Every structure is written in C-alpha cells, then in structure tokens.
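# Pasting a predicted model and its sequence here:
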Amino acid sequence: MTIYHKILVGVDGSNEAEEALKRGIQIAKKDGATLGIGFVADVRRIAPLIDYEQTYAKKAKAYGIELVEIYKNEAEKLGVKNVETFVKFGTPKTTFVKKIIGAFQPDLVLVGSTGLTPTEQFILGSVSDYIATHSPCDVIVVRGKNWRDRKKND
C-alpha cells in the first residue's frame, strides 16, 4: 500500500471540492502526511470587466483566503498536524498545475470532478481532466453527491 507524504487538494467552494477535501483529510491523517489546500481565483471571469478588475481581484483573493483558512481549521480539528495553504490568480488549469503543484510538490492530488456547467466544460475543458493529465504525481478525482441526494440529507 502506498503511503503519501504530501497531499494537495484543489478547492473552489463546490460540493465536489469539499468531498475531495474530506478524502484528502482522511488520507493525510492515515499516512501522517502534510496536507496542502489550493485555490485559484479564475481570471477568465474578469476579462470582460476590466474596469472592475481591482474590485474583483480583491474580493476573489479575500474569498480564497477565507475559504482555505476555513478548510485548514477543519483539517486541523480533525487531526491533520501539518496544513499549508495556497491562493493564486490565473487560469485554474495551468495555475494549479504550474504554480501550486510546482510549489508544494505533492505525491498525491485530489480534486473534485467538476465545478463547471456542462457548457463551460465543453468550451473550456475540465480542470480535473487537465490536472489528471498534467500532474507529475497520482491524482484522485472525487465525485460529489448529486443534488437530489444532497437535498434528501438536508
């Protein structure tokens, strides 16, 4: 059985990303690994809003910092001893692979299956597919519960 030393989870606030984080926490606890939590503020969304770029950038950065801190605190409460966080700006696919994976150098990456609508996936391609293809280490793509199952549990 493989033991991982550095586990990285990509988060964006989606249910799928939260499921990936839960799985990452479980593996990090079991293996005694360092857990990395990475968020990329998507710059594609601000291109048509150049006048609002600074406002968006500040809000996106604040959201990312708050999100990874919430997840870091949760991981620590659940027993993960070493947690590192990353917040970057860019195109999620390449920024996550080049800047976050490049900086953290994990031996396992976990990402949610999708955070995009079907149309965005068709046009832009899946971030999780890109990460799985371009990551230099093992990748687990985690599927979240569908909306009907989530609704039943609420």
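Okay, I see it.
# Could I get the pLDDT score of Arg143?
Reading off the confidence values, Arg143 has pLDDT 84.
# ugh, wrong one, I meant Asn15
Asn15 is given a pLDDT of 88.
# just for this protein, where's the confidence low?
Confidence mapping of the chain against pLDDT under 70 gives the ranges 43-54, 114-125, 145-154.
# those helices in it, which residues are they?
Using DSSP state H, the helices of the chain run over 15-31, 53-77, 92-95, 102-104, 118-124, 127-134, 147-153.
# residue contacts, Gly90?
Residues in contact with Gly90 (C-beta atoms under 8 Å, 6 or more residues apart in numbering) are 40-43, 99. Every residue, glycine included, has its C-beta placed from N, CA and C.
# Now, those residues that are in strands?
40-42 (DSSP state E).
# Tell me the one of the residues you listed nearest Val111?
Nearest to Val111 out of the ones in strands among the contacts of Gly90 is Val40 (C-beta to C-beta; 11.2 Å).
# nearest residue to Phe104 other than its sequence neighbours?
Gly36 (4.5 Å; C-beta to C-beta, 6 or more residues apart in numbering).
# for that neighbour, what are its contacts?
By C-beta under 8 Å, 6+ apart, Gly36 lies in contact with 6-9, 83-86, 100, 104, 106.
# Sort out for me which of those residues are in strands.
6-9, 83-86.
# Any of those residues buried? List them.
Taking 16 or more other C-beta atoms under 10 Å as the criterion, what is buried in these is 6-9, 83, 85-86.
# Tell me the one of the ones in strands among the contacts of Gly90 nearest Ile27?
Nearest to Ile27 out of the ones in strands among the contacts of Gly90 is Val40 (C-beta to C-beta; 21.8 Å).
# Who is the closest one paired with across the strands?
Taking DSSP bridges as the rule, Val40 bridges to Lys88.
# Please list all residues in contact with it.
For Val40, the contact set (C-beta under 8 Å, 6+ apart) comprises 10, 12, 64, 87-92, 95-96, 100.
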